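Trainee: only geometry, no sequence info:
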């Protein structure tokens, strides 16, 4: 039986409207991000990556309100070819695995001394 864990990262921007925050070291599969807006400016940009590899987990500009995102990655066969659902021709997507890694949360255009929280749910 698996279980989920939630980690909340509170962020407050500097005078330039930027901030970088980190989760604790995590291992598991990324289930979702939940951005809870406190008073970040409209149009805030998030770039959330794996600290160890730089893999982009969520990147979105012009976010104006609280939002939930459940990022997934494409799967591949052992030869590196993309896996697809034959009937629909759609990519097969899976949760993103992290192993002993922190998630780096980079915020820009958030406004001077503004705040918000990113919740990270891992399974």
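Mentor: Nice, thanks for sending it over. Everything numeric in this text was worked out from a predicted model, so none of it was measured.
Trainee: Can you list the strands that the lowest-mean-pLDDT helix or strand in the chain pairs with?
Mentor: Sorting the helices and strands of the chain by mean pLDDT, DSSP states H and E puts strand 84-85 at the bottom, at a mean of 86. Sheet pairing here is set by DSSP bridges, and for strand 84-85 it gives strand 90-91 (antiparallel).
Trainee: Run the chain-centre distance for the strand it pairs with.
Mentor: Mean-position distance between strand 90-91 and its chain equals 21 Å (Cα atoms, centre = their mean, to the nearest Å).
Trainee: what do you get for stretch 76-93?
Mentor: That offset, for stretch 76-93, works out to 23 Å (Cα atoms, centre = their mean).
Trainee: pLDDT weak spots in the protein?
Mentor: 1 (pLDDT under 70).
Trainee: Check which residues of the longest strand seen in the chain are buried.
Mentor: Using DSSP state E to define each element, the chain has its longest strand at strand 26-37. Buried residues in strand 26-37, defined by neighbour count with 16 or more other Cβ atoms under 10 Å: 26, 28, 30, 31, 32, 33, 34, 35, 36, 37. Yep, even glycine has a C-beta here, placed from its N, CA and C like the rest.
Trainee: swap in stretch 103-110?
Mentor: Under 16+ other Cβ under 10 Å, the buried positions of stretch 103-110 are 103, 104, 105, 107, 108, 109, 110.
Trainee: And for stretch 107-123?
Mentor: Neighbour-count burial for stretch 107-123 [16+ other Cβ under 10 Å]: 107-111, 114-118, 120-122.
Trainee: Redo the buried residues of stretch 103-110 as CSV? Include secondary structure.
Mentor: Listed next are those as CSV, based on DSSP: H, G, I helix; E, B strand; the rest coil:
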residue, secondary structure
103, strand
104, strand
105, strand
107, strand
108, strand
109, coil
110, coil
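Trainee: Next, give me the two most distant ones among the residues you listed.
Mentor: Spatial extent of the buried residues of stretch 103-110 (Cβ to Cβ) is set by the pair 103 and 109 at 20.0 Å.
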